[in-house]
Every structure is written in C-alpha cells, then in structure tokens.
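>>> whatever this is, show me its structure:
(one chain, ligands or ions: 1)
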Amino acid sequence: MVGKESKKKEIGILNPEYQSLNAKKSISPERIESAIHPVMFDADYARTFLVVALHGHLPACPWCKRPISGRQYDRFAQLKKIVCKQCGRKFNAFTGTIFSGANLEPRQLIGLILFIYFGFNTTRVAKYLGISPRAAATWLNKFKAARILKEAKKRTED
Ligand SMILES: [Zn+2]
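Next comes the predicted model:
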C-alpha cells in the first residue's frame with residue numbers, strides 16, 4: 001500500500017493552494033500543460049487522464065474512503081456511478097471534485113482549463129469547445145472561485 005504522502009506526490013496536483021476550494025479535488029492548469037499531447041484529445045485518453053489526475057491510482061469513496069477496486073474501479077474509470085460497498089452512497093469520479101455535475105466530456109474539460117489558462121476570453125472558449133458563452137463564463141467563475149487560475153495569472157505576469 002502506498003502511503004498517503006507519496007500518493008499525494010504521485011498525483012502532483014494536491015498543492016494545498018488548489019485544495020482550498022471547499023476541500024474539493026481539482027487539477028491545476030500546469031498539471032494539464034505538462035501532459036499536452038495530441039492524444040489528450042482522444043475521448044478515452046482524456047477520461048483516463050482526468051480520473052488519474054484527480055484520484056491517483058488508488059481512488060476511494062469520497063465519504064468513507066473505502067478503496068475502489070476490481071470491477072468497481074472499471075466503472076469508476078468510465079465515469080459511471082458506483083455504489084460504495086461500505087457506506088452505500090452513490091458517486092462517480094467527479095463527485096467531490098471541481099467537475100462535480102459537469103455535463104461536458106473530459107476532453108472538453110481539459111480544453112476548458114487550458115484555454116482559460118491561456119487567457120482566452122469566454123467567447124473564444126465557448127467557440128472552441130462548442131459550448132454557450134454563458135456556460136463558458138460559469139466555468140470561468142467556478143475556476144476563479146477554486147483559485148486554480150492563480151498560477152495562470154502569475155504566469156502571464158512573468
Ligand atoms: Zn463509502
């Protein structure tokens with residue numbers, strides 16, 4: 001069993017700054033930028049990337065922390081709802097994360113963070129992702145509230 005600290009290090013996204021967002025799991029633009037590759041826009045790859053970036057390789061129930069394994073892990077990795085064998089609560093890989101309730105594809109979510117990180121305005125973000133400007137603005141505000149764009153701001157000031 002990998003220790004909690006090394007698991008955090010492995011995930012590389014659990015910077016406390018990014019975790020202040022109502023204690024929700026999130027992902028930094030830097031983490032995504034470090035993984036940019038054309039394959040990232042493959043739907044399956046993008047989904048796996050997000051699930052691993054958010055949860056590492058040892059995901060657990062967001063409430064009781066029971067580890068998810070076997071066939072449940074397969075469903076979890078597919079972003080399907082699973083029922084915890086210990087506490088009985090339903091969740092998926094986005095539950096308790098900044099993407100909770102998102103109705104966008106994983107590759108759209110990745111693009112969303114990257115485009116906002118690059119400083120694109122909501123009109124461009126909406127256009128490139130095929131979403132409404134209002135939806136783009138909602139996500140931008142969500143990320144601002146989550147402070148995951150703090151580093152992006154610093155980056156553009158450099
Ligand atoms: Zn549970």
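>>> so where do the strands sit in this structure?
Ranges of strands within the chain are 82-83, 90-91, based on DSSP state E.
>>> so which of these is nearest residue 73?
Between residue 73 and those, the tightest spacing by C-beta to C-beta is seen for strand 82-83, at 8.8 Å. For glycine as for every other residue, the C-beta is placed from the backbone atoms N, C-alpha and C.
>>> can you get me a residue count around residue 52?
15 (other C-beta atoms under 10 Å).
>>> and the gap between it and residue 134?
According to C-beta to C-beta, to the nearest Å, residue 52 stands 31 Å off from residue 134.
>>> buried deepest among the strands of the chain, which one?
Ranked by mean neighbour count, the strands of the chain are led by strand 82-83 with a mean of 16 (mean count of other C-beta atoms under 10 Å).
>>> give the residue spans of the protein that score low on pLDDT.
1-23, 148-158 (pLDDT under 70).
>>> so which bits of it are right by the ion?
Residues of the chain found near the ion (C-beta under 5 Å from the ion) are 61, 63, 64, 66, 84, 86, 87.
>>> 6 Å instead?
Counting by C-beta under 6 Å from the ion, the chain comes close to the ion at 61, 63, 64, 66, 84, 86, 87, 89.
>>> identify the residue nearest the last one in space, chain neighbours excluded?
What sits nearest to residue 89 in space, not counting adjacent residues and going by C-beta to C-beta, 6 or more residues apart in numbering, is residue 63, at 5.3 Å.
>>> ok, which stretches of this protein are helices?
Ranges of helices within the chain are 4-11, 16-19, 29-33, 43-55, 70-77, 106-117, 122-129, 133-146, 150-157, based on DSSP state H.
>>> pull out the buried members of the residues of the chain next to the ion.
Among the residues of the chain next to the ion, the ones that count as buried by 16 or more other C-beta atoms under 10 Å are 61, 84.
>>> just flag the most distant two among the residues of the chain next to the ion.
So, the residues of the chain next to the ion by C-beta to C-beta: farthest apart are 66 and 89, at 10.1 Å.
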